[in-house]
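**Q** coords please:
(one chain, ligands or ions: 1)
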Amino acid sequence: GFIESYNDPLGLRGSWEGLVNFKDSANTARTEVISENAQWFEDHSPVDPRFRKAEVKGVTAKVITVGILAGDSYPATPIGINLPNSNWIRAQHGSKSVSIDNITAAYSAAASGNGFNEEFMWSEAEIEHAKKYAHYVDNVHTDLHECLGHGSGQLLPGVDPDALKAYGSTLEEARADIFALYYMADPKLVELGVMPTADAYKAGYYQQMMNGLMTQLVRIVPGENIEEAHMRNRALIAYWTLDRAAADAKANNCEPAMSIEKKDGKFAVKVSDYEKLRTYFGELLGELQRIKSEGDYEAGRQLVEKYGVKVDPELHAEVLKRYETLNLAPYKGFVNPRYETVTDANGEITDVKVIYGEGYVDQMLRYSQDYS
Ligand code: ZN
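**A** Numbering: from 1, shown residues only. Modelled structure (predicted):
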C-alpha cells in the first residue's frame, strides 16, 4: 500500500512498494528464537528498571526471499520492513517485521573482493573475521534492532511521546541500534544458537564502528553535515564511544579500547578491547533509554548535535579520495530475474526456470512496453 513516506522530503506522500516473496524457513527459526525470548532481553537490559517494559507484546518476525521487486521497491529495495509505523498501534498491539535475506546476501556477495575492507580495515585480522562472520552477524544485528530494539522500554507516565521532536527519529534509531550492539555480544545468543561462536560479534562491532566513524562519509558531499536519521544515529554511537574510550584511557592511564589512528599514513579504526566496548554500549543504552523514557529533549539534542551531525573535514576528504580509487557506487539496485514455467505433455507445470539474461536498461524498456 501507500505506506512509507521517507522518499518524500516533506514526509507526507506515501510510496507504493511491492514484492513477491516466500518464507525463508531456516533463517526464520533464528528470528523466532529471538522473539520468543523477548522478555528475557527486556528483563536483563542495562537500563533503569523503571524504564523496562513489564510485559513485552507481540513482535512477529520472519525472514523472506524475494522473487520480484516492484513499485518503489524496484530497482532499489529495503532490506527489511517493520510495520506499522504508528507508535500507538505498536505499543498496544505489537508490530510485524520481515528481513529480506537474499538481498542482504547479494549486497555482501557483491562487496566481497571489491577491495573496500582491504582499503579501510585496520589489519588482516579484521578482514579475515569479516569474511567469516560479517554477513551473518549483520543479519542478527538487524533482527535484534527490528524484533526487540524498537519495542523495548517504556515511557514514564505522563511523558509526551513527541517530546524529542526533530531529534526523535535519530535518537530512536540509535536506541534500537545500541540495543542490538549490546546484546550481540551476550553469551545468551550463543546459548540460544543464534550466534555461531563467542567472538563472532566482533565482526559486527568493527564494521559498525568503522562505518559510523569513517566509511559512511562516502555518501556525504564535502562541506555538508550529516542529515539522514540512520546516518546520524551511526555517527552518534561511534563518536560517543570513541570519546568515552578516550576518557576512560586517560583516567586509567591505559590504551583506549578504540581509537582512530594513522597506519601507513592513512586513517583507520583500531579496536583493542571489544569487551570494554560492550560495557560502553551498555552505558549508552541506559542513557538513550533514559532520554526517551523521561522525554529529556535537551540531553537528546546535545547528544545528536555533539556526535551525530558534524564531519571532520580532513578525515572526510581522505575517505572520499581513497573511496574514489576503488571505483564503487555508493548505492546499488537490482535487476529482476525472469521466470519461465516448464510444462509436461499434459500442460501441467513441472518446474520454473529462473533466467538472468536481461540488463537493467533492457528490463526497463520491456516493462515500459509490456505494462505501461
Ligand atoms: Zn530502526
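
**Q** contacts and neighbour counts: CA atoms only from here.
**A** Noted.

**Q** for the lengthiest helix in the chain, which positions count as buried?
**A** Ranked by residue count and defined by DSSP state H, the top helix of the chain is helix 229-252. For helix 229-252, a neighbour-count test (16 or more other C-alpha atoms under 10 Å) marks 229-242, 244-246, 248 as buried.

**Q** could I have it exported to CSV, CA atoms only?
**A** Presented in CSV, the C-alpha positions along helix 229-252 are these (Å, rounded to 0.1, in the frame of the first residue of the first chain):
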residue,chain,number,x,y,z
ALA,A,229,18.5,9.9,10.6
HIS,A,230,20.1,6.5,10.2
MET,A,231,23.5,8.0,9.4
ARG,A,232,23.3,10.4,12.3
ASN,A,233,22.5,7.6,14.6
ARG,A,234,25.5,5.6,13.5
ALA,A,235,27.8,8.6,13.8
LEU,A,236,26.3,9.4,17.3
ILE,A,237,27.0,5.9,18.6
ALA,A,238,30.5,5.6,17.1
TYR,A,239,31.7,9.1,18.1
TRP,A,240,30.2,8.9,21.6
THR,A,241,32.0,5.6,22.1
LEU,A,242,35.3,7.0,20.8
ASP,A,243,35.1,9.8,23.3
ARG,A,244,34.1,7.5,26.1
ALA,A,245,37.1,5.2,25.3
ALA,A,246,39.5,8.2,25.2
ALA,A,247,38.2,9.5,28.6
ASP,A,248,38.5,6.1,30.1
ALA,A,249,42.0,5.6,28.9
LYS,A,250,43.1,9.0,30.2
ALA,A,251,41.5,8.4,33.6
ASN,A,252,43.1,4.9,34.0
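
**Q** send the alpha carbons of the helix or strand bottoming out on mean pLDDT in the chain over as CSV?
**A** Counting by mean pLDDT, DSSP states H and E, the chain has its least confident helix or strand at helix 87-93, which shows a mean of 76. Extracted C-alpha coordinates of helix 87-93, given in CSV (Å, rounded to 0.1, in the frame of the first residue of the first chain):
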residue,chain,number,x,y,z
ASN,A,87,3.7,4.2,17.8
TRP,A,88,0.4,3.9,19.5
ILE,A,89,-0.5,0.8,17.4
ARG,A,90,2.9,-0.7,18.1
ALA,A,91,2.6,-0.1,21.8
GLN,A,92,-0.9,-1.5,22.1
HIS,A,93,-0.9,-4.3,19.5
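
**Q** Which positions in it come out as buried?
**A** So, applying 16+ other C-alpha under 10 Å, buried residues of helix 87-93: Arg90.

**Q** Which residues does that helix contact?
**A** 57-58, 84, 95, 151 (C-alpha atoms under 8 Å, 6 or more residues apart in numbering).

**Q** For this structure, which segments are assigned as helices?
**A** Ranges of helices within the chain are 25-36, 38-43, 87-93, 101-111, 116-120, 124-143, 168-184, 187-191, 201-213, 229-252, 274-294, 297-303, 313-326, 360-371, based on DSSP H.

**Q** re earlier: let's see which of the contacts of helix 87-93 end up in strands.
**A** Members of the contacts of helix 87-93 lying in strands (criterion: DSSP state E): Ser95.

**Q** ok, so of the contacts of helix 87-93, who is nearest Leu285?
**A** Nearest to Leu285 out of the contacts of helix 87-93 is Gly151 (C-alpha to C-alpha; 13.8 Å).

**Q** Could you list the low-pLDDT ranges of the protein?
**A** Scanning the chain for pLDDT under 70 picks out the ranges 6, 58.

**Q** What separation is there between the residue positioned nearest the centre of it and Ile79?
**A** In the chain, the centroid-proximal residue (C-alpha atoms, centre = their mean) is Thr142; its distance is 5.4 Å. Applying C-alpha to C-alpha, to the nearest Å, the value for Thr142 to Ile79 is 9 Å.

**Q** Mutual contacts of those two, please.
**A** Shared contacts of Thr142 and Ile79 (C-alpha under 8 Å, 6+ apart): Ser99.

**Q** one step back: would TSV of the contacts of helix 87-93 with distance to Val190 and neighbour count be doable?
**A** Formatted as TSV, those follow (distance: C-alpha to C-alpha, whole Å; neighbours: other C-alpha atoms under 10 Å):
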residue	distance to Val190	neighbour count
Lys57	24	18
Gly58	24	18
Pro84	31	16
Ser95	26	23
Gly151	22	22
